[in-house]
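# Structure, please.
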Amino acid sequence: MDLKQIREMVAVDMPIDQANLDAASLEIPLLHNKYLNILHDEKLLLHKFNIELKKLLKLKWEYYNGKTDEETLREKGWEPFQLKILKQDAEMYMEADEEVISLNSKVIFQKEKVDYLESIVKGLNNRQYHIRDAIIWRKFVNGVG
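Residues are numbered from 1 along each chain as shown. Below you'll find the model as predicted:
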């Protein structure tokens, strides 16, 4: 699920119908479950991307240090790295590698989705208090209680 889809769902799900505060209150567990499930799925995807990134970084470290075997080169479609570099310089090559940049971008974007979903779930946890406060305010304004 992409961030745009999540934002569109939030735009539909989050407004509170001021005329039906009781219904909005009863809807909280359903919304909480919905977004918690999405959050868990997205967290699992983030973990998957992090694992893939670690594996790729290891492969790229071996590649830039001239330690990649012929079979791995052939399997990955990589040409042998021709330069002899210092081990400390391998990091610079790895950071500039297009595959690493691409996968790292996925990790960063996925982290943003997870953070956004965590804030939604946190907001849903507080939603009951906002509804309660709205009810108390209405009672006050109408001179009740």
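# Distance of residue 51 relative to residue 121?
24 Å (C-beta to C-beta, to the nearest Å). From N, CA and C alone the C-beta is placed, and that goes for glycine too.
# hmm, I was thinking of residue 92
39 Å.
# Residue 116 touches residue 4, doesn't it?
No - with contacts counted by C-beta atoms under 8 Å, residue 116 stays clear of residue 4, the gap being 11.4 Å.
# Count the neighbours of residue 71 for me.
Using other C-beta atoms under 10 Å, residue 71 is surrounded by 8 other residues.
# Which element, helix or strand, includes it?
helix 70-76 (DSSP states H and E).
# ok, now residue 144?
With DSSP H and E as the test, residue 144 turns up in no helix or strand.
# starting at the chain centroid, how far to the helix holding residue 71?
In terms of C-alpha atoms, centre = their mean, to the nearest Å, the centre of helix 70-76 is set 32 Å apart from its chain centre.
# Mind giving me the packing neighbours of that helix?
Helix 70-76 sits against helix 21-64, with contacts defined as 3 or more C-beta pairs under 8 Å, 6 or more residues apart in numbering; DSSP states H and E.
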